[in-house]
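S.K.: Kindly generate the corresponding structure for this input.
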Amino acid sequence: MRVGVVTFPGSLDDRDALRAVRLAGHTPVALWHKDHDVQGVDAIVLPGGFSYGDYLRCGAIAARSPIMVDILEAIERGTPVLGICNGFQILVEAGVLPGGLIHNDHGQFVCRDQELVVENTSTAWTAGFHENQHITIPLKNGEGGYIADDETLKRVEGDGLVVFRYSGINPNGSLHDIAGLRNDSGRVVGLMPHPEHAVEAGFGPDTALAMRSGVDGLTMFTSVALEGVLR
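M.R.: Numbering: from 1, shown residues only. Prediction:
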């Protein structure tokens, strides 16, 4: 598969995402925020970072970048899209995923290896997991608190849109411990933790087997090519 990774001004983890795509066996394709062209890729990743310096609100300016017009059209065609941290914020600001993301409730930037529960495997990015699987993914954000009004929360829970929940500790005050969501089709997923930082032994989270050996994030990038996921 050809998987595009968009670079916005202030993106920090675009190179990491490109590497994760390659380690998953796909062909990484660099996409630029000013281009009206997604180069015919099979899937798209919106990476983490501080797009446009997080001015206004995180992801608010990037959500109106030229390439987002084409990404929204790609989503309508069924192209799988993954938003990681700032990418999640961009998808929320673009109205693709419901709710909002605000400053962490403790007012501090958090960076830790975070345990998650996989709640939904009926998505293009989680088909390789099993439901209720516990995984460990690095987390780093200052504005990762998920919020939504009561009606939206009821829809998110009732329609099974929660993909990941925080386990053990809620690091940012997210309502209902929500760490990641999907859209109605399951082809778009956004999450605050960084799966691209848990794709290679020696560079991931610690596990019971060895230090830095966690590779739970790689499954997100391999899932998108599973039989029957794309069509």
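
S.K.: Geometric centre of this structure: which residue is closest?
M.R.: Nearest to the mean C-alpha position of the chain, by C-alpha atoms, centre = their mean, lies I84 at 2.9 Å.

S.K.: For K154, see how far away the closest residue to it other than its chain neighbours is.
M.R.: Closest residue in space to I84, ignoring its immediate chain neighbours: G48 at 4.9 Å, by C-beta to C-beta, 6 or more residues apart in numbering. Where C-beta positions appear, they are placed from N, C-alpha and C, glycine not excepted. For G48, the distance to K154 equals 29 Å [C-beta to C-beta, to the nearest Å].

S.K.: and those two? which has more neighbours close in?
M.R.: Neighbour count, other C-beta atoms under 10 Å: between G48 and K154, G48 has more, with 26 against 11.

S.K.: In stretch 103-110, which residues are buried?
M.R.: Neighbour-count burial for stretch 103-110 flags H103, N104, V110 (criterion: 16 or more other C-beta atoms under 10 Å).

S.K.: May I have the distance across it, first residue to last?
M.R.: Start and end residues of stretch 103-110 are separated by 11 Å (C-alpha to C-alpha, to the nearest Å).

S.K.: Residue numbering should commence at 19 henceforth.
M.R.: That works, and once the first residue is 19, the last one we named lands at stretch 121-128.

S.K.: Tell me the gap between that stretch and the middle of its chain.
M.R.: The chain centroid and the centroid of stretch 121-128 are separated by 19 Å, computed with C-alpha atoms, centre = their mean, to the nearest Å.

S.K.: Quick one: mean pLDDT for it?
M.R.: The pLDDT scores in stretch 121-128 average 96.

S.K.: same question, stretch 240-249
M.R.: Per-residue pLDDT over stretch 240-249 has a mean of 70.

S.K.: Over to stretch 153-161?
M.R.: On average, stretch 153-161 scores 97.

S.K.: One more: stretch 64-75?
M.R.: Averaging pLDDT residue by residue across stretch 64-75 gives 93.

S.K.: Extract the CA atoms of it and return them as PDB.
M.R.: Output of stretch 64-75 as PDB, limited to C-alpha atoms (Å, rounded to 0.1, in the frame of the first residue of the first chain):
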ATOM      1  CA  LEU A  64      -2.100  13.100   9.900                       C
ATOM      2  CA  PRO A  65       0.900  13.100  12.300                       C
ATOM      3  CA  GLY A  66       1.600  14.700  15.700                       C
ATOM      4  CA  GLY A  67       3.300  18.000  16.500                       C
ATOM      5  CA  PHE A  68       2.300  21.600  16.900                       C
ATOM      6  CA  SER A  69       0.800  22.600  13.500                       C
ATOM      7  CA  TYR A  70       0.900  26.300  13.000                       C
ATOM      8  CA  GLY A  71       2.300  26.700  16.600                       C
ATOM      9  CA  ASP A  72      -1.100  25.600  18.100                       C
ATOM     10  CA  TYR A  73      -2.400  29.100  17.500                       C
ATOM     11  CA  LEU A  74      -6.100  29.700  18.000                       C
ATOM     12  CA  ARG A  75      -6.700  26.100  19.100                       C
END
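
S.K.: neighbouring contacts of it?
M.R.: Residues from elsewhere that reach stretch 64-75, judged by C-beta atoms under 8 Å, 6 or more residues apart in numbering: 23-32, 34-35, 76-77, 79-80, 89, 99-109, 111, 158, 161, 212, 214.
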